[in-house]
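**Student:** Below is the sequence, then the predicted model.
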Amino acid sequence: QNLLSGSLPSWLPALADVDYLYLGGNMFNSSIPSGLFEHEYLESLSLEMNFLTGSLPSFGDHSLRELLLHSNRITGTLPSWLADSGYGDGLEL
C-alpha cells in the first residue's frame, strides 16, 4: 500500500520475468491496460483497493493463478474467461 495515483502505466504488460505484481491499496484511477493479463509469467495480479474503472479486458492464454480486483469501480458484465480460468489460489472481485 502506497499513495501511488494516476493511470496504471501502459508499459506494465511489457515487464519481463515478473511473477507477482502487487499494486493494491493505491489510488490508481484508470482502466486496466489491455495485455496485462496475458503476461507470460505473471501468476499473481493484485489491483484491489484502487479506483480502477471500465470493464475487464479480454485475454487468451495466461499463467494467472490469483487475481485480486475487489474494491474498485470496474463496470460491465463478468467476462467468460473468468469461468474458464481455474484460479488455483484465489479470485476476488
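**Tutor:** That came through fine.
**Student:** By mean pLDDT, flag the weakest helix or strand of the protein.
**Tutor:** None of the helices or strands of the chain scores lower by mean pLDDT, DSSP states H and E than helix 81-84, at a mean of 66.
**Student:** Flag every buried residue along the helix or strand following it.
**Tutor:** Under the assignment DSSP states H and E, the closest C-terminal helix or strand after helix 81-84 is strand 90-92. Within strand 90-92, the residues scored as buried using 16 or more other C-beta atoms under 10 Å are residue 91. The C-beta positions use only the backbone N, C-alpha and C, and glycine is treated the same way.
**Student:** what packs against strand 90-92?
**Tutor:** Here strand 90-92 touches strand 66-68, going by 3 or more C-beta pairs under 8 Å, 6 or more residues apart in numbering; DSSP states H and E.
**Student:** Parallel or antiparallel, which strands does the strand it packs on pair with?
**Tutor:** Counting by DSSP bridges, the strands paired with strand 66-68 are strand 44-46 (parallel), strand 90-92 (parallel).
**Student:** Where among those strands is average confidence lowest?
**Tutor:** Per-stretch mean pLDDT for the strands paired with strand 66-68 is lowest at strand 90-92 (a mean of 74).
**Student:** how about low-confidence regions in the protein?
**Tutor:** Within the chain, the stretches with pLDDT under 70 are 59-62, 81-89.
**Student:** Would you map the strands across it?
**Tutor:** All strands of the chain, identified by DSSP state E, fall at 5-6, 20-22, 27-28, 44-46, 53-54, 66-68, 73-74, 90-92.
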